[in-house]
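Asks: Give the three-dimensional model of this entry:
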Amino acid sequence: MQGDRQRALIIAETAAFIGLIAIGSWISIPFLPVPLTLQTMFVLLAAMVMKRYAVIPATLFILFGALNLPVFHNGTSGIGVLLGPTGGYLIGFIPAAFFAGLAYEKRSLAWNIAGICAAEAFIYAIGAGWLAFSTGMSLLQATVIGVLPFLPGDAVKAYAAHAIAKRVPSRDMIQPGDEINGGENTP
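Replies: Numbers count the residues shown, from 1 in each chain. Coordinates of the predicted model:
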């Protein structure tokens, strides 16, 4: 029975984080060629809450966007977005969620910080690499344009995600029979 509860929790969290990442894509400040959104904050939050399973909503988010559901920044969608200048940043969400999630399985602030830094590094490396390739600019130019302006904001978003995650009960704190619906027990 416990396995079914765990599976149900993963499914519910997956749906919630796909929705949050999509909502984060609408909160956008236009920069060229890469907009500033809250997507990375929700990818990191998913990793902090779901641990290694955060790769599921990150992957499904990319898949839904590729299948023309309007989940990318400002309601865009399609393979064209993934092949465009911002596509690498989106693809970077997948390894970022996985490796940050693995780091958050450790109960160590040092591991958590390392996981956040690794996640951001994956997003930046894949994003800047693809930005350089897709636009023909040098990797240095892509880094100056597509990474450096975002460092301060991403540090704030990472801290915000960490602060939010600290308030979410961890899976090992939720036991079978815990009241999860305002005190009413359900069969």
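
Asks: Spatially central residue for this structure, please.
Replies: Centroid check for the chain by Cα atoms, centre = their mean gives Val43 as the closest residue, at 1.3 Å.

Asks: Only C-alpha atoms, please: export the helix or strand encompassing it in CSV.
Replies: According to DSSP states H and E, Val43 maps onto helix 39-50. Only the C-alpha atoms of helix 39-50 are listed here, as CSV (Å, rounded to 0.1, in the frame of the first residue of the first chain):
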residue,chain,number,x,y,z
GLN,A,39,11.0,28.7,-14.9
THR,A,40,14.4,27.9,-13.4
MET,A,41,13.1,28.7,-9.9
PHE,A,42,10.3,26.1,-10.3
VAL,A,43,12.7,23.5,-11.9
LEU,A,44,15.0,24.0,-8.8
LEU,A,45,12.0,23.8,-6.5
ALA,A,46,10.9,20.6,-8.1
ALA,A,47,14.3,19.2,-7.5
MET,A,48,14.3,20.3,-3.9
VAL,A,49,10.9,18.8,-3.2
MET,A,50,10.8,15.7,-5.5
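
Asks: residues making contact with it?
Replies: The contact list for helix 39-50 (Cβ atoms under 8 Å, 6 or more residues apart in numbering) reads 10, 13-14, 17, 20-21, 23-25, 54, 56-58, 73, 93, 96-98, 100-101, 103-104, 112, 115-116, 119-120, 123, 154, 157-158, 160-162, 164-165, 168. Any C-beta I mention is one placed from the backbone N, CA and C, and that applies to glycine too.

Asks: Next: stretch 74-90.
Replies: Against stretch 74-90 from outside (Cβ under 8 Å, 6+ apart): 25-26, 28, 33-35, 62, 65-73, 91, 123, 126-131, 134-135, 146.

Asks: Go again with 7 Å.
Replies: 26, 28, 33-34, 62, 65-66, 68-72, 91, 123, 126-127, 129-131, 134-135 (Cβ atoms under 7 Å, 6 or more residues apart in numbering).

Asks: Strands along this protein, start to end?
Replies: 28-29, 36-37 (DSSP state E).

Asks: lowest-confidence helix or strand of the chain?
Replies: Every helix and strand in the chain was compared by mean pLDDT, DSSP states H and E; the lowest is strand 28-29, with a mean of 80.

Asks: That one pairs with which strands, and in what direction?
Replies: strand 36-37 (antiparallel) (DSSP bridges).

Asks: Pull the residues that contact the partner strand.
Replies: With Cβ under 7 Å, 6+ apart as the test, strand 36-37 has contacts from 24-25, 27-29, 73, 150, 153.

Asks: Same check on stretch 118-138?
Replies: Contacts with stretch 118-138, where a contact means Cβ under 7 Å, 6+ apart, come from 33, 40, 44, 47, 84-85, 87-89, 91-93, 95-96, 99-100, 103, 139, 142-143, 146-147, 154, 158.
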